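[1] Here is a sequence with its predicted model. Questions after.
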Amino acid sequence: MNAFDGMSREELRKALEAFAKNWLAHDGCWFLAAEERLGLEDAIDLDARSWARFAVAEARRIMGTFGVPEGGGLESLERALGFRMYSLVNEQHTEWSEDRSRLRFIMDACRVQQTRRRKGLADFPCKSVGIVEFSTFARTVDPRIRTTCLECPPDAKDGRYCWWEFTLGE
């Protein structure tokens, strides 16, 4: 028997949230260690390379575990985004254009940026890494999906976090 056998739904939800926070903390600790050793620019480059690999693995695992169909367009992407680890630690939502040709993903509250702001630090300039992460994740769900960054630090406005738009290409 392991520690999770017999847990209630609420206890399992708490465990998932703790795992997500630990995952994010590990990502941050790894990044800080890389930055200390190599400097910000090289750490961001390594971070982008890491996310290019992880986004594929995460998307495939989500699709396999939750039956999200590959090549299922923006509907599959919306579903897969809801199963990412971020969804347990960050407030986020999606919005569809009226004609359902565009899907927007909006990070309403970002734990990383909120922590930095609370400590009096500037926002982490995550746009270059986010472009790799979100476009790779989306293309893994459906290779036709095109990703556009609408806002992301360092160029987010009015204290907002990241906004992404997804469309189907050929």
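    Yes, it's here.

[2] Residue 88 touches residue 20, doesn't it?
    Yes. Here residue 88 reaches residue 20: they are 3.8 Å apart, a contact under C-beta atoms under 8 Å. To be clear about C-beta, it is placed using only N, CA and C from the backbone, and glycine gets the same treatment.

[3] and the helix or strand hosting residue 133, which residues are buried?
    Here residue 133, judged by DSSP states H and E, is contained in helix 127-141. Going by neighbour count (16 or more other C-beta atoms under 10 Å), the buried part of helix 127-141 is 127, 129-141.

[4] and what of stretch 86-100?
    86, 88, 89, 90, 92, 94.

[5] Lowest pLDDT pick from those residues?
    Lowest pLDDT of the buried residues of stretch 86-100: residue 86, 87.

[6] Could you say which helix or strand holds the nearest residue to residue 69 once chain neighbours are set aside?
    Leaving aside its sequence neighbours, residue 69 sits nearest to residue 76 (C-beta to C-beta, 6 or more residues apart in numbering; 5.6 Å). Element membership for residue 76, per DSSP H and E: helix 73-81.

[7] Quick check: mean pLDDT of that helix?
    Average pLDDT, helix 73-81: 98.

[8] Next, the angle from it to helix 127-141.
    Calculated by axes from the mean of the first three to the mean of the last three C-alpha atoms, to 10 degrees, helix 73-81 forms an angle of 110 degrees with helix 127-141.

[9] so how far is the very next helix or strand once past helix 73-81 off the chain centroid?
    As assigned by DSSP H and E, the chain's next helix or strand after helix 73-81 is strand 91-96. From the chain centre to the centre of strand 91-96 is a distance of 12 Å (C-alpha atoms, centre = their mean, to the nearest Å).

[10] Return the list of strands paired to strand 91-96, each annotated with direction.
    Take DSSP bridges as the rule and strand 91-96 pairs in its sheet with strand 102-109 (antiparallel).

[11] Flag every buried residue along the helix or strand that the partner strand is followed by.
    Later in the chain than strand 102-109, the nearest helix or strand by DSSP H and E is helix 111-118. Within helix 111-118, the residues scored as buried using 16+ other C-beta under 10 Å are 111, 112, 113, 116.

[12] Quick test: name the residue nearest the centre of the chain.
    By C-alpha atoms, centre = their mean, the chain has its centre lying nearest to residue 86, at 5.4 Å.

[13] How much space separates the nearest residue to residue 163 once chain neighbours are set aside from residue 58?
    Distances taken as C-beta to C-beta, 6+ apart place residue 150 nearest to residue 163, at 4.0 Å, with adjacent residues excluded. Distance, residue 150 to residue 58, using C-beta to C-beta, to the nearest Å: 22 Å.
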